[in-house]
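Peer 1: Build the 3D model from these lines:
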Amino acid sequence: YFNYFYLKSIASKQRVDMVDPVLKAEVVLSESNRKACIEKFKSVLVPKMRNVPEAAVLVPLCLYKGELGFLYTLRSMKLTSNRGQVSFPGGMRDKSDVDLQETALRETWEELKIPREKIDVWTTGNLIGKSDVNVMPVLAYIGEVVPEELEINPDEVEEAFVVSLQKLCDPELICFTSFRPTLVTLPCYLGGKYRVWGFTGAITHIALECLVPQVYKYKFLSIQPMQKNESKEKESVSSDYDATRSKI
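Peer 2: Presented below is the predicted three-dimensional model:
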């Protein structure tokens, strides 16, 4: 099965002045907002698979050029699947990993050399079914980051970049992409160097909805599991937007 999301925009077209203050670090990182975000993030329930391997991705909130944003990676062109697509750091659970949080931290170190002591894990989310694997998002704050200076692993990562919360929440920079013949609709964020879409876009949507609900006004219309179709046509369509995979 492929588990994706039907989404509907209910964002106001009006761009109000309150956005900037609400997205400031002192507000987003406040203890009260952190607690509220954790509670919401842990409560998000989406379809998952049965009897499939497990994986995890880190959803790294960071500070870059004075603004909060999420750190993304562009998958290496050396990879065999989804190369050149945007993802969060992460991958398959290793036998040595005590849990999926450990998986996310280990993979982040392997891909970006961000040490564990720099990563303030807020919470783990529920498993999300993705093709033939269940993926757990791990929300964390990693402090100030300069993506151009990260020691990336060229075998897995082509580039690291940050998209600010300001741009991720801007309704003028958000669109929805529908895929035929499945008619699956997913969010697409256009404010960064590369577009954030597919599975990565879906996790970004969940994180924003929990982190800055005062500003981010896009809601799930429904969540519907989708069967994997064996036809080459449907597999081709799904692979185009199935992007958040690091060795998955």
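Peer 1: all helices of the chain, in order?
Peer 2: Counting by DSSP state H, the chain has helices at residues 19-22, 25-28, 31-43, 100-112, 165-168, 198-211, 232-241.
Peer 1: what about the closest residue to Trp122 other than its chain neighbours, distance to Val86?
Peer 2: In this structure, Trp122 finds its nearest non-sequential neighbour in Leu139, 4.7 Å apart by CB to CB, 6 or more residues apart in numbering. Yep, even glycine has a C-beta here, placed from its N, CA and C like the rest. According to CB to CB, to the nearest Å, Leu139 stands 18 Å off from Val86.
Peer 1: What's the separation between the closest residue to Phe176 other than its chain neighbours and Val157?
Peer 2: Spatial nearest neighbour of Phe176, excluding adjacent residues (CB to CB, 6+ apart): Thr185 at 5.2 Å. Noted for Thr185: a distance of 29 Å to Val157, by CB to CB.
Peer 1: what's near enough to touch the closest residue to Pro213 other than its chain neighbours?
Peer 2: Among residues not flanking Pro213 along the chain, Lys40 sits closest, at 7.6 Å (CB to CB, 6+ apart). Lys40 is in contact with 209-210, 213, counting by CB atoms under 8 Å, 6 or more residues apart in numbering.
Peer 1: how about 10 Å then?
Peer 2: If a contact means CB atoms under 10 Å, 6 or more residues apart in numbering, then Lys40 has 123, 125, 206-207, 209-211, 213 as its contacts.
Peer 1: Same check on Lys167?
Peer 2: Lys167 makes contact with 67, 69, 173-174, 189-192, 196 under the criterion CB under 10 Å, 6+ apart.
Peer 1: Let's see that with 7 Å instead.
Peer 2: By CB atoms under 7 Å, 6 or more residues apart in numbering, the contact list for Lys167 reads 173, 191-192.
Peer 1: Would you mind checking those for buried ones?
Peer 2: Applying 16 or more other CB atoms under 10 Å to these, the neighbour count classes 173, 191-192 as buried.
Peer 1: Surely Ile114 touches Glu144?
Peer 2: No: taking CB atoms under 7 Å as the definition, Ile114 is not a contact partner of Glu144, at 11.7 Å.
Peer 1: Tell me which of these two has more neighbours.
Peer 2: When Ile114 is set against Glu144 and neighbours are counted by other CB atoms under 10 Å, the residue ahead is Ile114, at 24 against 11.
Peer 1: Quick check: closest non-adjacent residue to the more buried one.
Peer 2: The shortest distance from Ile114 to any residue other than its chain neighbours is 5.2 Å, reached at Thr108 (CB to CB, 6+ apart).
Peer 1: how far away is that neighbour from Ala140?
Peer 2: When Thr108 is compared with Ala140 (using CB to CB), they lie 9 Å apart.
Peer 1: Pull up the distance across stretch 125-142, start to finish.
Peer 2: End-to-end distance of stretch 125-142 (CA to CA, to the nearest Å): 17 Å.
Peer 1: ok, back up a step: could you dump the helices of the chain into CSV and include distance to Thr73 and mean pLDDT?
Peer 2: Output for the helices of the chain, formatted as CSV (distance: least, CB to CB, whole Å; pLDDT from 0 to 100):
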stretch, distance to Thr73, mean pLDDT
helix 19-22, 27, 75
helix 25-28, 22, 97
helix 31-43, 21, 98
helix 100-112, 6, 98
helix 165-168, 16, 97
helix 198-211, 10, 94
helix 232-241, 17, 36
